[in-house]
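Q: Below: sequence and its predicted model.
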Amino acid sequence: MPDSLKVDIVTTRNGKQDVVTYDYQTRFDKERPMALDVLLQAQATAIPDLAFRYGCRARNCGVCTIDVNGKPRIACRARVRDGDRIEPMATLPVLADLVVRRDGIARQMKGRLASAQRTNDLNVEAPEDYHALTACIECYACLDGCPMHARNADAPAGDAASAPGDGYRWGNPFSLLKLQMLRLDPCVTDAGKAAALDHAVDLGLDACVGCPGCKCGVGIDLKGKVVKELLNAAGDRLPPDEAAADN
């Protein structure tokens with residue numbers, strides 16, 4: 001590997017986008033650096049005001065998620081090559097450079113999770129599928145290509161769906177995962193489980209009918225363990241999959 005590699009870093013200042021080609025200096029032979037390594041070095045040497053987020057550096061927190069060549073990647077674990085392009089997540093509003101506004105997702109779930117009715121019996125074990133879903137690190141990589149979340153971007157200006165500060169109107173795989181966890185939680189009452197399904201339908205579960213599926217940044221089977229389970233539970237409350245019906 002050469003002593004350096006060139007990476008395009010997309011910056012955003014006052015709503016104006018620019019592309020800076022940064023010459024990353026490798027530190028070890030045959031090194032393919034993580035995207036976060038490139039950003040840290042660029043900030044330390046050439047772009048001192050470069051804005052980006054990171055936390056644990058161990059793929060545990062999800063806050064460093066960016067797009068690499070148009071696809072969401074966790075920056076502390078995504079290796080880059082010469083000529084790669086690093087930019088902010090396309091699925092969330094950009095605040096500055098690689099920093100996106102994430103709070104619209106959390107605000108969307110306000111009240112929907114807290115309202116779940118629970119029993120007082122804590123001496124019960126959750127099923128295996130519940131524990132599988134706890135691996136979520138809230139990286140929001142699953143928003144990429146999601147037809148449900150895309151409805152928020154398609155909303156007209158001034159519509160509640162286009163105001164992330166108030167919480168997005170339409171859901172996404174992350175919000176569905178949280179609701180499915182309620183349905184799997186043995187401490188949640190039947191009424192609470194039913195309410196969780198109601199919330200999933202209200203957030204736009206119908207957009208998942210016929211969707212080929214979503215991809216998780218840490219490998220959770222969102223299609224099989226979340227979306228499919230919710231679609232089956234909702235049944236005839238959702239429109240049929242016309243494509244499947246034609247086949």
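A: Perfect, thanks for sending it.
Q: quick one: low-confidence ranges for this structure?
A: For the chain, the stretches flagged by pLDDT under 70 are 1-2, 28-30, 115, 156-163, 241-247.
Q: Can you give me the domain boundaries for it?
A: 4-100, 103-246 (automatic domain parsing).
Q: could you dump these to CSV with mean neighbour count?
A: No exception for glycine: its C-beta is placed from N, CA and C like everyone else's. Compiled in CSV, these are given as follows (neighbours: other C-beta atoms under 10 Å):
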stretch, mean neighbour count
domain 4-100, 17
domain 103-246, 17
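Q: Residue 164 touches residue 95, doesn't it?
A: No - with contact defined as C-beta atoms under 8 Å, residue 164 does not reach residue 95; the gap is 10.8 Å.
Q: anything in contact with each of the two?
A: Common neighbours of residue 164 and residue 95, counting by C-beta atoms under 8 Å, 6 or more residues apart in numbering, are residue 101.
Q: can you give me the strands for the chain?
A: Here the chain has its strands, by DSSP state E, at 4-13, 16-25, 65-68, 71-74, 85-87, 94-96, 99-100.
Q: Any chance of these in TSV with distance to residue 189 as columns?
A: Shown next, in TSV, are these (distance: least, C-beta to C-beta, whole Å):
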stretch	distance to residue 189
strand 4-13	46
strand 16-25	49
strand 65-68	35
strand 71-74	36
strand 85-87	45
strand 94-96	40
strand 99-100	36
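Q: Spatially, what comes nearest to residue 203 if we skip its sequence neighbours?
A: residue 171 (3.1 Å; C-beta to C-beta, 6 or more residues apart in numbering).
Q: and the one you found, what does it touch?
A: Here residue 171 is in contact with 108, 148-149, 200, 203-205 (criterion: C-beta under 8 Å, 6+ apart).
Q: Go through those residues and flag which are in helices.
A: 108, 148-149, 200 (DSSP state H).
Q: wait, residue 12 sits on residue 93?
A: No - under the criterion of C-beta under 8 Å, residue 12 makes no contact with residue 93, lying 10.3 Å away.
Q: hang on, residue 119 packs against residue 185?
A: No - the pair residue 119 / residue 185 is not scored as a contact, 9.9 Å apart, by C-beta under 8 Å.
Q: What distance do you get for residue 210 to residue 227?
A: For residue 210, the distance to residue 227 equals 11 Å [C-beta to C-beta, to the nearest Å].
Q: contacting residues for the closest residue to residue 144 other than its chain neighbours?
A: Leaving out its chain neighbours, the residue that sits closest to residue 144 by C-beta to C-beta, 6+ apart is residue 72, at 5.0 Å. By C-beta under 8 Å, 6+ apart, the contact set of residue 72 is 65-66, 89, 91, 139-141, 143-144, 217.
Q: Then residue 125?
A: residue 186.
Q: sorry, back to before: gap between the residue nearest to residue 203 and residue 96?
A: 27 Å.
Q: can you redo the contacts of residue 72 as JSON lines with distance to residue 104?
A: Putting these into JSON lines (distance: C-beta to C-beta, whole Å) gives the following:
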{"residue": "65", "distance to residue 104": "15"}
{"residue": "66", "distance to residue 104": "18"}
{"residue": "89", "distance to residue 104": "12"}
{"residue": "91", "distance to residue 104": "11"}
{"residue": "139", "distance to residue 104": "15"}
{"residue": "140", "distance to residue 104": "10"}
{"residue": "141", "distance to residue 104": "16"}
{"residue": "143", "distance to residue 104": "11"}
{"residue": "144", "distance to residue 104": "16"}
{"residue": "217", "distance to residue 104": "18"}
